[in-house]
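In: Sequence below, structure please.
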Amino acid sequence: MLINKNKVIAYGEPEDTVNEKIINNLYGLKDKNFNNLLGSVELSNKASGIKAFVVAGDGTGAPLYRALTKKEIGIYSGILHENDVDYEIGRTIGIGMDTMGAFKSIDNETYLKAIGEISNSDFVIDAGFDIGNINIKNVDLIKEAIKSNKKVFSLRSEVDGKKIYGELSKKVNYENNISDIIKQVKK
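Out: Numbers count the residues shown, from 1 in each chain. Purely as a prediction, here's the structure:
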């Protein structure tokens, strides 16, 4: 039983009655959101002004989303699979995202939409995600950003960047941590 201000707002087994809306209302969460799947509370990204496009996956985006949100930097992320923890954290924070169903290869329509969002962003961050057959187009997103002279940061090593981006890697800003990226973009 969940009670708020002397009123029963939910009754039954937690699995049947507790959801994100009820928890947000129960605790009066403003500028924060509860994620039922993860059991976490995340700050809401309501930033305007500077906007980052984050290319992530495997949980590599979650710490970036949180840090950028705290620094009031807007976020768009792509292309995430809906079974990825980055998707859940991003959804809870309220960032814009281009997504694909679980285990599906990135289709051309979603890829082109993400390219459009990159052009609307101030910079791009390669979160250092693992690369496989279903997300290889995320590498292409970053290559397109580099070719269009968008400022690109990467949390990969420079050696890995050279293997992935070839000659284009010379135009990537390799940083060791998230704080260093934030310092660069807040200048």
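In: contacts and neighbour counts: CA atoms only from here.
Out: Will do.
In: From Asn33, how far out is the nearest residue to Leu2 once chain neighbours are set aside?
Out: In space, and not counting its chain neighbours, Leu2 is closest to Ala10: 5.1 Å by CA to CA, 6 or more residues apart in numbering. Distance, Ala10 to Asn33, by CA to CA, to the nearest Å: 18 Å.
In: hmm, back to that, how about the contacts made by the residue nearest to Leu2?
Out: Taking CA atoms under 8 Å, 6 or more residues apart in numbering, we find Ala10 in contact with Met1, Leu2, Ile3, Thr17, Val18, Ile22.
In: Let me see the contact set for the third one.
Out: The neighbourhood of Ile3, defined by CA under 8 Å, 6+ apart, consists of Ile9, Ala10, Leu26.
In: related to what we said a few turns ago, show the model's pLDDT score for the residue nearest to Leu2.
Out: Ala10 carries a pLDDT value of 80.
In: and what of Asn24?
Out: pLDDT recorded at Asn24 is 65.
In: what's the answer for Ser44, then?
Out: Note for Ser44: predicted pLDDT of 79.
In: Around it, how many other residues sit close by?
Out: Look at Ser44: counted by other CA atoms under 10 Å, it has 20 neighbours.
In: the helices in this structure, which residues?
Out: For the chain, the helices defined by DSSP state H cover 14-17, 20-26, 62-70, 85-93, 108-119, 136-147, 158-165, 178-185.
In: For the helix or strand bottoming out on mean pLDDT in the chain, give me every contacting residue.
Out: Least confident element among the helices and strands of the chain, by mean pLDDT, DSSP states H and E: helix 20-26 (a mean of 72). With CA under 8 Å, 6+ apart as the test, helix 20-26 has contacts from Ile3, Asn4, Ile9, Ala10, Lys30, Asn33, Phe34, Asn35, Asn36.
In: Fine by me, we can end here.
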